[in-house]
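Peer 1: got a sequence here, can you model it:
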Amino acid sequence: MAKQTSKEPGRFSQVIDVFKRTIRVDKSALWYMLAGFIVPVALSLVAAFTTAGNNVLSWILDLLLGFTIGVLLAMILLGRRAEKAAYKSLEGKPGAVGAILRAPLKRAFRGSEEPVAVNPRTMAAVYRIVGAPGIVLIGEGNRVEAQQLLEAERRRASKAAANVPIHAIWVTNDANSTPLPKVVKTLNKMKRKLNRNEIRAVHSRLSSLTNAMPIPKGIDPRKIRASHR
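Peer 2: Numbers count the residues shown, from 1 in each chain. Next up, the predicted model:
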């Protein structure tokens, strides 16, 4: 019986897939990419007309430089628009916060993309991570239900890790909540309170409280790469 082997998609296929998914959500991404490509090529043509004269090699080098810069700029713009499109497609869905936490975070944050508490009826959830600012609890979903879960988790965390600062972030789609694309930026702006050894100790203590609950169904966290800059 012949063995079946799965072949990973090539880089070009991955770029095409990202482009298609981005365009479905953000139609303007195509025009940004075209502008990013055309402008450097146009500038290289102007440079060739004004400086190259009849020198064929100079023409080739100028056009090659413009083409290379255009492709790179188009790819950079695609990456940024793809990230925004991914956030847009996740907003308001159960597990959206977990999709962000799946990627490595700055400042030695420790935690899981899986919530520590979930309301199975409303799918409100609370996520917990530990980092330089202390303990960060992130409420997701219905504000009232998420607040009840978060306050219960706050009490548990304060008992297990006394004197450690506890912060709350609300991703609840109301006027006072933090937009999904700004969660990582909000985390990175928090003041440093713990060193790496303290982060490790607090995380270990909190991890022993309970087993993490499964992430709500409905999204694929692998389709997003959050920016942490």
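Peer 1: all the helices of this protein, residue numbers only.
Peer 2: With DSSP state H as the criterion, the chain has helices at 11-25, 29-47, 56-90, 96-101, 143-160, 183-189, 196-207.
Peer 1: I'd like these laid out as JSON lines, including mean pLDDT.
Peer 2: As requested, these are exported to JSON lines (pLDDT from 0 to 100):
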{"stretch": "helix 11-25", "mean pLDDT": "77"}
{"stretch": "helix 29-47", "mean pLDDT": "90"}
{"stretch": "helix 56-90", "mean pLDDT": "85"}
{"stretch": "helix 96-101", "mean pLDDT": "83"}
{"stretch": "helix 143-160", "mean pLDDT": "91"}
{"stretch": "helix 183-189", "mean pLDDT": "87"}
{"stretch": "helix 196-207", "mean pLDDT": "89"}
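Peer 1: right, so the ones you listed: which one is the most enclosed?
Peer 2: Stretch with highest mean neighbour count among the helices of the chain: helix 96-101 (a mean of 24; mean count of other Cβ atoms under 10 Å). To be clear about C-beta, it is placed using only N, CA and C from the backbone, and glycine gets the same treatment.
Peer 1: can I get that one in CSV? Just the C-alpha atoms.
Peer 2: Output in CSV follows, covering the C-alpha atoms of helix 96-101 (Å, rounded to 0.1, in the frame of the first residue of the first chain):
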residue,chain,number,x,y,z
ALA,A,96,-11.2,36.1,20.0
VAL,A,97,-9.0,37.1,22.9
GLY,A,98,-7.6,33.6,23.0
ALA,A,99,-6.6,33.9,19.4
ILE,A,100,-4.5,37.0,20.3
LEU,A,101,-2.9,35.3,23.4
